[in-house]
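1. Everything below, folded, please.
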Amino acid sequence: MSKKRVAIIFGGQSSEHEVSRVSAQSVIENIDKEKYEVEIIGITKKGQWLKYNGPVEKIGSGEWEAVAHNKLLEGKSSENETASEITNVNSARQVIAGNTKKPIDVVFPVLHGCNGEDGTIQGLFELAGIPYVGCGVLGAAVGMDKAYSKIIFEKEGLPQGDYLVFNRKQVNNRLEEAVAQVESTLTYPCFVKPANAGSSVGVNKASDRESLEKALIIAAKNDRRILVEEFIDGREIECAVLGNDEPVASTVGEVVPCNEFYDYEAKYQVGDSSKVVIPAENLSTETVEKIREYAVRAFKCLDCAGLSRVDFFVHKDTGAIYINEINTLPGFTSISMYPKLWAASGIPYSQLIDKLIELALERFEDTRREYTNTLD
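-> Okay, the predicted model is just below:
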């Protein structure tokens, strides 16, 4: 049986570029080379697409980009090249789709944040007519937008905290009005975040009017829509979901952040100071099963596919469960919760990659359309 050709795409023009590189390196190091022939494509922060075939360990550090550019300058032939430039969307589509001799079978977008898990690049894959790991355009777009996902969660009957949504012009032009609305609706402390961002980039906890104003301004720099959420004094519990139309949930894990909350620094920059406890301790069986049920319901109501990680709060005093958000392309680094949850649930890293590729191919076949004008 011939190997399937998998294009792993990483980097991208988002605030989570660095996280994507580390995730991609982990995926490339763990994918079964006996089953798959891997094509590596990196997207720089400037939006340049580069095919790459250099040392894998240089991807996480960011050194891959210099290697790729140097090979371009050397003018290698297409048969011996280590990297080649993809200059625009049309050529990107052509390279992703492959050629008649060695076509790409499936794309694994190891991309986080805007332009990676928000439906934009998924639309490119759809136009290219090629299977890809993860949610389709709709699930990716709505899952990325925390404000719209909350609307759908509410329709689904999933419990969540109170929130308000503002746009950038409101914050920039009528900041006092926005602050007054928050103070009349919510209480301090509260959380302020960009509606479209991940890895807690641009997220801040506001404890008074001054910090709220600063947090709104920071969030508005990261996105045109801003979310202000009620503070819930809860444990941070996460659950991984895997599947397409009949998804399953993993065991649940708890994040014990080293900082006041699980911000970007706590996630990626402080080593082992933040703790991940899998499975989460001191939760009743009923609570764990309810979280798993809510995670699957969240996944299905957004029409997600392949994978997602759903984050919850469990109130420290009442034990009440609140859904926080869904991540449709969660981190795949060596310390990321998603692969760790599935490893604890009996699916090791390499098998998880296999399953995601299988699900991508299954979803591709399931979404094929036949166009006909007759009822014959």
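
2. ok, residues contacting the helix or strand containing residue 184?
-> In this assignment (DSSP states H and E), residue 184 forms part of helix 175-185. Residues outside helix 175-185 that contact it (Cβ atoms under 8 Å, 6 or more residues apart in numbering) are 162, 164, 166, 170, 171, 190, 209, 212, 213, 216, 217, 228. Every residue, glycine included, has its C-beta placed from N, CA and C.

3. unless I'm mixing things up, residue 163 is touching residue 227, no?
-> Yes - the pair formed by residue 163 and residue 227 meets the contact definition of Cβ atoms under 8 Å, at 6.0 Å.

4. Identify the contacts common to the two.
-> Joint contacts of residue 163 and residue 227 (Cβ under 8 Å, 6+ apart) are 147, 150.

5. out of these two, which sits in the busier spot?
-> Regarding residue 163 and residue 227, a neighbour count based on other Cβ atoms under 10 Å identifies residue 227 as having more, with 23 against 18.

6. For my notes, confirm that one occurs in a strand.
-> Yes - the assignment for residue 227 is a strand, going by DSSP: H, G, I helix; E, B strand; the rest coil.

7. Who are the contact partners of it?
-> Here residue 227 is in contact with 146, 147, 150, 163, 164, 165, 192, 193, 194, 195, 219 (criterion: Cβ under 8 Å, 6+ apart).

8. thinking again about what came up before, of the contacts of helix 175-185, closest to residue 310?
-> residue 162 (19.4 Å; Cβ to Cβ).

9. What count of nearby residues applies to that closest one?
-> Look at residue 162: counted by other Cβ under 10 Å, it has 13 neighbours.

10. ok, for it, nearest residue in space, not its chain neighbours?
-> The spatially closest residue to residue 162, leaving aside those adjacent along the chain, is residue 230, at 4.3 Å (Cβ to Cβ, 6 or more residues apart in numbering).

11. That neighbour is in contact with residue 163, isn't it?
-> Yes - with contact defined as Cβ under 8 Å, residue 230 reaches residue 163; the gap is 6.6 Å.

12. one step back: from the contacts of residue 227, which land in strands?
-> 163, 164, 165, 192, 193, 194 (DSSP state E).

13. quick one: contacts for the second one?
-> This points to residue 164. 181, 182, 185, 186, 227, 228.

14. Quick one, grab the pLDDT at residue 176.
-> We have a pLDDT of 97 for residue 176.

15. My error: substitute residue 271 in the last question.
-> pLDDT, residue 271: 50.

16. circling back: quick one: which two of the contacts of residue 227 are the most distant?
-> 150 and 219 (15.6 Å).

17. okay, the two: which has more neighbours?
-> Under the criterion of other Cβ under 10 Å, the comparison of residue 150 against residue 219 puts residue 219 first, with 26 against 21.

18. Going by secondary structure, residue 171 is in what exactly?
-> Going by DSSP H and E, residue 171 is part of helix 168-173.

19. and what of residue 311?
-> Residue 311 belongs to strand 306-315, assigned by DSSP H and E.

20. Now do residue 168 against residue 200, distance only.
-> 20 Å (Cβ to Cβ, to the nearest Å).

21. Oh, that last question was meant for residue 116, not what I typed.
-> 16 Å.

22. Residue 236 too?
-> Residue 236 is 11 Å from residue 200, by Cβ to Cβ.

23. which regions of the stretch 201-350 of the chain sit below the pLDDT cut-off?
-> 258-273 (pLDDT under 70).

24. at 50 what do you get?
-> Along the stretch 201-350 of the chain, segments meeting pLDDT under 50 span 262-264, 266-270.

25. Show me the strands in it, by range?
-> Secondary structure of the stretch 201-350 of the chain (DSSP state E, counting those that start in this stretch): strands at 204-206, 225-230, 234-243, 248-256, 275-277, 306-315, 321-327.

26. other SSEs contacting the last one?
-> Under the contact definition 3 or more Cβ pairs under 8 Å, 6 or more residues apart in numbering; DSSP states H and E, strand 321-327 sits against helix 146-156, helix 285-301, strand 306-315.

27. which of the ones you listed is buried the deepest?
-> strand 306-315 (a mean of 24; mean count of other Cβ atoms under 10 Å).

28. Next, the angle from that one to helix 285-301.
-> Angle of strand 306-315 versus helix 285-301, following axes from the mean of the first three to the mean of the last three Cα atoms, to 10 degrees, is 140 degrees.
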